[in-house]
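# Provided below for reference: sequence and predicted model.
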Protein chains: 2
Amino acid sequence: MNSYTAISLAEKVKCLDDFWSPKIVASLNDYHVKVVKLKGSFTWHQHVDTDELFLVLAGKLVILFRDGQVELRAGELFVVPKGIEHKPVAEEECHVVLIEPPGIVNTGDNPGPLTAETDAWI
Amino acid sequence: MNSYTAISLAEKVKCLDDFWSPKIVASLNDYHVKVVKLKGSFTWHQHVDTDELFLVLAGKLVILFRDGQVELRAGELFVVPKGIEHKPVAEEECHVVLIEPPGIVNTGDNPGPLTAETDAWI
């Protein structure tokens, strides 16, 4: 009998090198589950074709919208609807799970220095 | 400016009445994020058309397969591929996030007394 191995999100986070650079840890049909560590302010952007799920594992994440904001702590999630501009901000290091379809560029419609490799596994 | 509310998975779990009865807490495009509390042994079943993601929030979950098993603790996830027979077992109460498309019956191809309402929100 085989003993299959669960995926530890905390262990995967430990393997991350760069902030703001999501890495895939699992696939679910046509979706990717990613981990990312955040610190500081990201760029304003939107994903025109897809919602994006944020689940905080550790730390505090604030997501700014043009009309408000949401604060997430460990064990809390929020789904940013497609086409909604948002700007993630983490005053201190924050660990997050993202779930979204393949091919999503982290900076969405606003590429720049923080644009990371897309669809890389860890 | 609006202050949007994050979804606390632990708070949602507290609202669950029945074991083995997943309830939707968020949608992500055409997928549902659910919470469920488990205790005891579920039925052998498979989902022929979709993978199913299990993420443990609290407790220990064992998923049996015909050829082995996987053990998951808090912060660990596993994706059961579509068409793979599985039987979740939780010796003690266990809290789990499930992510899957709409319309998925919890008992898959093996309906019975543990078949729960599909696509109910909490």
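Received the coordinates, thanks.
# tell me where chain A has strands.
Read by DSSP state E, chain A holds these strands, from start to end of the chain: A:2-4, A:7-8, A:23-28, A:31-41, A:52-58, A:60-65, A:68-73, A:76-80, A:86-100.
# residues from chain A in reach of chain B?
The interface of chain A toward chain B, taken as Cβ under 8 Å from any Cβ of the partner chain, is made up of A:1-10, A:25-29, A:31, A:33, A:50-53, A:55, A:57, A:65, A:67-73, A:75-79, A:82, A:99-101. All C-beta atoms are positioned from the backbone trio N, CA, C, and that covers glycine.
# go again using 6 Å as the cut-off
By the rule Cβ under 6 Å from any Cβ of the partner chain, the part of chain A lying against chain B is A:1-2, A:4, A:6-10, A:26, A:28-29, A:50-51, A:53, A:67-68, A:70, A:72, A:75-79.
# so what's A:His86 bridging to?
Note on A:His86: beta-bridge partners by DSSP bridges are A:His45, A:Phe65.
# among the strands of chain A, which comes closest to B:Pro88?
When these are compared by Cβ to Cβ, strand A:2-4 sits nearest B:Pro88, at 13.5 Å.
# what are the contacting residues of the closest one?
Contact partners of strand A:2-4, identified using Cβ atoms under 6 Å, 6 or more residues apart in numbering or on different chains, comprise B:67-68, B:70.
# how does it look with 7 Å?
B:67-70 (Cβ atoms under 7 Å, 6 or more residues apart in numbering or on different chains).
# from those, keep the buried residues only.
Buried subset of the contacts of strand A:2-4 (neighbour count, 16 or more other Cβ atoms under 10 Å in any protein chain shown): B:Val70.
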